[in-house]
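Q: mind looking at a prediction? Sequence and model below.
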Amino acid sequence: MANFKGHALPAVFFIIFGLWWCLKYSLKYHSRRLNKNGPGNHWFSRIEITEGAVKIIFSVIGMLAEQFVPDGPHLYLYSGDPHTWMKLMNWQHTTMYLFFCISGIMDVLTYTSFQVPIGLDRLMLSVALFVEGFLFYFHVMSRPLLDQLIHSLLLIAIFGAAASVLLETFLRDNIVLELLRSSLALLQGTWLFQIGFVLFPPWGGPAWDANDHGNIMFLIMCFCWHYALAIVILAMNYAVAYRVVQKCCTNKGGTEIKLAKRKENEKSSRIALLKGSDED
């Protein structure tokens, strides 16, 4: 959708998944490092299935929103009278959501079926991100320079995330790659909001002047600030996950010590009773 809402919807999608990924992978990494007897792969597999289902739901909502908004194509690709294509921008966004839906389906199949090789979930997510970048690359051809610039900056985050996830296909459970993907997902989300504010100000004001060089310089600098914000959010989630896992390990360790002492006391009491019986 060529409006602010059309950019806000995928922005929310990427921000939610970016926050979730950085928290999930931080918890997974710290739980394996600090708690060797912690929850195994089965627990995290259930999370992956749930995540895939949520991805499918979000993608379906996105496709329906692109098609059935009042000014949407309503599943018509070509109009016979006059002979024109119908809302191709909406169709491009629908295609992007379609591949993320396929990625969600692959997530569910990977962790519910032994017939699907591990790694195809990451590969399909990489393909979905690549398709998103491919569509955006040709999305802004012949547009004003400012419009091309802000979408070109978005391509850095998209193709960076696609490359990172492709490496995850072969380097499974690599916390550095997982956090990189999380930060780039956050960057995509916040920058999509920025694009919406620049091109379609929600308060109804005019779009930014495409011929003002100062606007171009500011947006390049602003893109770096967005990534700095993503890194700060990532670091906060990482620290919170560490504290949570550390606290859980401490509480579990204390409980195990108390149980061991209780068993030892019960054993001592039984021995004392047996000795007393023998003396009698």
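A: Received, thanks. Bear in mind that the values here come from a model prediction, so they are computed numbers and not experimental data.
Q: going forward, measure contacts between C-alpha atoms and count neighbours the same way
A: Will do.
Q: against residue 140, how distant is residue 71?
A: 20 Å (C-alpha to C-alpha, to the nearest Å).
Q: and the gap between the residue lying closest to residue 139 once chain neighbours are set aside and residue 29?
A: Nearest-residue entry for residue 139: residue 89, 7.8 Å, with adjacent residues in sequence omitted and distances by C-alpha to C-alpha, 6 or more residues apart in numbering. In this structure, residue 89 lies at 40 Å from residue 29, with C-alpha to C-alpha as the measure.
Q: could I get the phi/psi values of residue 81?
A: Main-chain torsions, residue 81, degrees, to the nearest 10: phi -140, psi 100.
Q: for the remainder of this discussion, apply numbering that starts at 48.
A: From this message on, residue numbering opens at 48, which makes the last subject residue 128.
Q: next, count neighbours for it.
A: Using other C-alpha atoms under 10 Å, the number of residues around residue 128 comes to 6.
Q: and it, how far from residue 188?
A: 26 Å.
Q: helices along the stretch 198-327 of the chain, start to end?
A: Using DSSP state H, counting those that start in this stretch, the helices assigned to the stretch 198-327 of the chain run over residues 222-246, 260-326.
Q: any idea which of these has the lowest pLDDT on average?
A: If these are sorted by mean pLDDT, helix 260-326 sits at the bottom with a mean of 74.
Q: and the closest residue to residue 187 other than its chain neighbours, what element?
A: For residue 187, the nearest residue in space outside its immediate sequence neighbours is residue 195; the separation is 5.6 Å by C-alpha to C-alpha, 6+ apart. According to DSSP states H and E, residue 195 maps onto helix 192-217.
Q: may I see the buried residues of that helix?
A: Residues of helix 192-217 classed as buried by neighbour count (16 or more other C-alpha atoms under 10 Å): 193-202, 204-216.
Q: repeat for stretch 254-263
A: Neighbour counts over stretch 254-263 (16+ other C-alpha under 10 Å) mark 255, 257, 263 as buried.
Q: so how far is it off the chain centroid?
A: 31 Å (C-alpha atoms, centre = their mean, to the nearest Å).
Q: then it to PDB, C-alphas only?
A: Extracted in PDB, the C-alpha atoms of stretch 254-263 (Å, rounded to 0.1, in the frame of the first residue of the first chain):
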ATOM      1  CA  ALA A 254       6.500  14.600   2.000                       C
ATOM      2  CA  TRP A 255      10.100  15.600   2.400                       C
ATOM      3  CA  ASP A 256      11.700  17.700  -0.300                       C
ATOM      4  CA  ALA A 257      13.400  15.200  -2.600                       C
ATOM      5  CA  ASN A 258      15.700  18.000  -4.000                       C
ATOM      6  CA  ASP A 259      17.100  19.100  -0.700                       C
ATOM      7  CA  HIS A 260      20.600  17.700  -0.300                       C
ATOM      8  CA  GLY A 261      20.400  18.300   3.400                       C
ATOM      9  CA  ASN A 262      17.500  15.700   3.700                       C
ATOM     10  CA  ILE A 263      19.700  13.100   1.900                       C
END
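Q: and the contacts of it?
A: Applying C-alpha atoms under 8 Å, 6 or more residues apart in numbering, the contact partners of stretch 254-263 are 191-194, 196, 245-248.
Q: change it to 7 Å
A: The set of residues that contact stretch 254-263 without belonging to it, under C-alpha atoms under 7 Å, 6 or more residues apart in numbering, is 191-193, 245-248.
Q: got it, and stretch 265-275?
A: Contacts to stretch 265-275, defined as C-alpha under 7 Å, 6+ apart, come from residues 234, 237.
Q: just the buried ones from the contacts of stretch 254-263?
A: 193, 245-248.
Q: about what we covered before: pLDDT score for the residue nearest to residue 186?
A: Checking the pLDDT column for residue 136, the value is 84.
Q: relative to residue 243, how far out is the closest residue to residue 140 other than its chain neighbours?
A: Nearest residue to residue 140 in three dimensions, chain neighbours excluded: residue 113, at 6.9 Å (C-alpha to C-alpha, 6+ apart). As judged by C-alpha to C-alpha, residue 113 and residue 243 stand 16 Å apart.
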